[in-house]
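Colleague: Here is a sequence together with a model predicted from it:
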Amino acid sequence: MKKIKKIKRGDTVIVISGREKGKIGKVLSLLHDTQQVIVEGINLRKRVVKDNQGKVTFAKTEFPIHVSNVMFLDPKEKVGTRIGFTIDEKGKKVRIAKKSKTELI
């Protein structure tokens with residue numbers, strides 16, 4: 001089981017392949033065992049939901065997509081970028097956006 005290290009919950013990502021290509025969303029959760037992410041408003045599917053009385057309705061929910069199909073959205077450049085790591089002046093390891101060299105929170 002590999003852990004997803006570069007993308008975190010709450011990051012804004014852009015979809016780079018598939019039928020949702022070009023769409024932007026926020027990461028809601030990570031599925032480390034299958035290397036997938038759930039992105040807000042991306043890969044929506046209809047699910048059958050039953051209430052207490054047995055009434056059937058349809059609800060749209062986000063389904064996971066593979067982490068290789070998304071790319072971190074650079075907050076400064078507003079384009080997809082890779083993520084790197086560096087050591088800051090306090091000696092702490094921090095994430096940086098490779099395109100704009102900005103430090104990520």
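Modeller: Yes, it's here.

Colleague: what's the burial count for the nearest residue to Asp33 once chain neighbours are set aside?
Modeller: Of all residues not flanking Asp33 in the chain, Met1 sits nearest, at 5.3 Å (CB to CB, 6 or more residues apart in numbering). Backbone N, C-alpha and C define where each C-beta goes, glycine included. When neighbours are counted by other CB atoms under 10 Å, Met1 registers 6.

Colleague: Surely Met1 touches His32?
Modeller: Yes: between Met1 and His32 there is a contact under CB atoms under 8 Å: 6.4 Å.

Colleague: my guess is Glu20 meets Ile65, correct?
Modeller: Yes: with contact defined as CB under 8 Å, Glu20 counts as touching Ile65 (7.4 Å).

Colleague: what do those two both touch?
Modeller: Counting by CB atoms under 8 Å, 6 or more residues apart in numbering, the contacts common to Glu20 and Ile65 are 42-43.
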